[in-house]
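# A structural model of the following input is requested.
(2 chains)
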2 protein chains.
Amino acid sequence: MGGDRGPAAVVAGLSLSAAHYPDIGFILHGPHSELAPLVARRRNLAGRCDVRHAERVVTMHDKPSHVMRNGEGTSMWAAIEAVRNAEAQAAVSCGNTGALMAVSMLRLRKLEGVKRPAIACLWPSRNPAGFNIMLDVGADIRADACDLMQYALMGASYARNGLGLERPRIGLLNVGTEQHKGRPELKEANELIAERAGTGGFDYLGFVEGGDIPSLEVDVIVTDGFTGNVALKTGEGTAGLIAELLRGAFKATPLSRIAAVLALSSLKRLNRKIDPRRVNGGVFLGLNGTVIKSHGSADATGVAAAVGLAAKLARGGFVQRLAARVASAGLPGQDAATGENKNSDGS
Amino acid sequence: MGGDRGPAAVVAGLSLSAAHYPDIGFILHGPHSELAPLVARRRNLAGRCDVRHAERVVTMHDKPSHVMRNGEGTSMWAAIEAVRNAEAQAAVSCGNTGALMAVSMLRLRKLEGVKRPAIACLWPSRNPAGFNIMLDVGADIRADACDLMQYALMGASYARNGLGLERPRIGLLNVGTEQHKGRPELKEANELIAERAGTGGFDYLGFVEGGDIPSLEVDVIVTDGFTGNVALKTGEGTAGLIAELLRGAFKATPLSRIAAVLALSSLKRLNRKIDPRRVNGGVFLGLNGTVIKSHGSADATGVAAAVGLAAKLARGGFVQRLAARVASAGLPGQDAATGENKNSDGS
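Reported below is the predicted structural model:
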């Protein structure tokens, strides 16, 4: 209900998802009088979409702390509650990110051993999968060395289960690749992550820079939520500016207008690769349940991408695998290797 | 001497600058035996380029602290010394950023009242000037509220003198535009900057996000050096990825190859707008002297852009104007307006 385009875009997205995934069903939360007609108009949702009435809606301007105290009865709260009750295997929301994280933490609780949950995003990259993963992109503006180490573990687990990478390569975002660079917590995290690379089932590359985020050489970029959020929005803003200039360039002269027509199919392919609507879906990591934050401005294609990601992770039993990984890695100072079967389940 | 392409690219850049600016001269620092033949080959540098022998060179891997202690006799040190002695009105270097800042701070000293100098970069934007300014992009990985307030003043002064904007619009980079978002020092800086907008000769917009960096609505983006450095490199990395994908798209089919030829002049115009070589030049703000950090990988065009920026700022008496602004704004708690002539010199 809280997305920029309202519930019509969400229902259109569910309809797209229903066509792609014949074996999934939906529970849709919000005012019944508004949602039922939208669902009724989509034939392929008949019998697959349970509309649950929720009177109230969390807006983009509500403070997370306020929603935590007063959010019961909102559609967002009900969606998380359905995951808590195991009625739903995953929740997807286009709403207020801070509120969604706050309600998710309150109702689903953090995984045993996780100090700070994180939001992981997909980033268009030169890798064969077409994406790298970056986390945290905004769950929390702070992160100490231990949090960053856990982000590395959780990011590796997500890369294995979400992108199918057997041995993800992890980098820690910094202002330079040299050991002496960066804030004290980064130097400490650098050591903590390196210690866990063997038992954690990932390769650790050390420090990477902003220019390396779309690199072929790395799969998962670890950073604090403040830096990650700025980097994500900066990347989107840069891509937006270039797309705008490019459209201008193609309209500039009669020759370039002809060129645009000739290059159309190639440019469309390029657009598909970097279209934020198809890369949509920030995954909340470190909770007892899968929650996916879709862009507030997501349209039907964007919502369908987020739902598809939710379906993929729910099917693989992602949360259980991630929980096992975090537990086996232990806290700083403990021996991470104890009792872990290194070749267990690929989680 | 310490740039990735060595002194040949620098001398080629000086030659381009000499053609553009008939009234400027150069002092070139480094091993005479290496530099003299390069200069001799450029006819338009005859009589305009003084080669000063410096045996030693600062490399990209030298630690700033080491260079501060042992840097005398290097070409970088000599270049800064020439500014200190007022032989040069500005210094330009393609070398080690950290070392350049350390030597600049040691020899030029900070401006009265400035706690932390900053590096300001130009960012391709939708603004008529074609650029926005962002600072700090890497002088220091820390910045408290008072530093951020001074960055706002220095950035405004640079925008007036470097981009010719009479009343620059300043934004403070955060993870959201709402007042309650962000780290404590950002909330404090938000108030400090707002208090000085009237007397500082700028408009203050409050918080902006990563996506706003190239915006038409803002001229100067203020942030700490860690975040700014990551954002800068993320923006460059994103632009690089898109350029690569675009080249691929134009080679994909016979039709798209024809399209590339037809759109060539329009695409070249676009490329000029976002080409990092033409946007080259990070300005050190807050020192008793103008120092410009060129990209390490700058070629002749990039070096010429940095030299052109140096010439522009040196001519306008930029450092004196900036010093007056910082002094008049005072420290937090002082009354910033006292004694300032609001319509004085446009600095």
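
# distance of the residue of chain A positioned farthest from its centre from chain B?
When each C-alpha in chain A is compared with the mean C-alpha position (Cα atoms, centre = their mean), residue A:254 comes out farthest, at 42.0 Å. Distance of residue A:254 to chain B, given as Cβ to the nearest Cβ, to the nearest Å: 9 Å. In this view, the C-beta of every residue, glycine as well, is placed from N, C-alpha and C.

# what's the average pLDDT for the longest helix seen in chain A?
With residue count as the measure and DSSP state H as the assignment, chain A has helix A:225-251 as its longest helix. If you average the pLDDT over helix A:225-251, you get 88.

# by contact count, what packs against that helix?
Using 3 or more Cβ pairs under 8 Å, 6 or more residues apart in numbering or on different chains; DSSP states H and E as the contact test, the elements touching helix A:225-251 are strand A:118-124, strand A:131-135, strand A:169-173, helix A:254-262, helix B:225-251, helix B:264-274.

# what do you get if the cut-off is 6 Å, keeping everything else the same?
Secondary-structure packing of helix A:225-251 (3 or more Cβ pairs under 6 Å, 6 or more residues apart in numbering or on different chains; DSSP states H and E): helix B:225-251, helix B:264-274.

# Tell me how chain A divides into domains.
Residue ranges for each domain of chain A read A:1-110+A:287-316, A:115-285, as given by automatic domain parsing.

# how about a markdown table for those, with distance to residue B:305 added?
Shown next, in a markdown table, are the domains of chain A (distance: least, Cβ to Cβ, whole Å):
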| stretch | distance to residue B:305 |
| --- | --- |
| domain A:1-110+A:287-316 | 36 |
| domain A:115-285 | 19 |
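
# Just name the most buried of those.
Neighbour counts (mean count of other Cβ atoms under 10 Å in any protein chain shown) averaged over each of these peak at domain A:115-285, with a mean of 21.

# dump the residue contacts of residue A:1.
Residues in contact with residue A:1, defined by Cβ atoms under 6 Å, 6 or more residues apart in numbering or on different chains, are A:7, A:30, A:57, A:75.

# In strands only, show me the residues you listed.
Counting by DSSP state E, the members of these that fall within strands are residue A:30.

# ok, of the contacts of residue A:1, which one's closest to residue A:241?
residue A:7 (31.1 Å; Cβ to Cβ).

# Could you tell me which residues make contact with that closest one?
Neighbour list for residue A:7: A:1, A:30, A:35, A:38 [criterion: Cβ under 6 Å, 6+ apart].

# Redo those as TSV? Include pLDDT.
Putting the contacts of residue A:7 into TSV (pLDDT from 0 to 100) gives the following:
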residue	pLDDT
A:1	92
A:30	96
A:35	96
A:38	97
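
# Could you tell me which of the residues you listed are located in helices?
Per DSSP H, the subset of the contacts of residue A:7 in helices is A:35, A:38.

# Just flag the most distant two among the contacts of residue A:7.
Checked with Cβ to Cβ, the contacts of residue A:7 reach their widest spread between A:1 and A:38, with 11.5 Å between them.

# Stretch A:191-211 and chain B in contact?
Yes: contact between stretch A:191-211 and chain B is present through A:209-211 (criterion: Cβ under 6 Å from any Cβ of the partner chain).

# Can you get me the start-to-end distance on that stretch?
Stretch A:191-211 stretches 22 Å from its first residue to its last (Cα to Cα, to the nearest Å).

# per-residue confidence averaged over it?
In this model, stretch A:191-211 has a mean pLDDT of 93.

# Kind regards, and thank you for your time.
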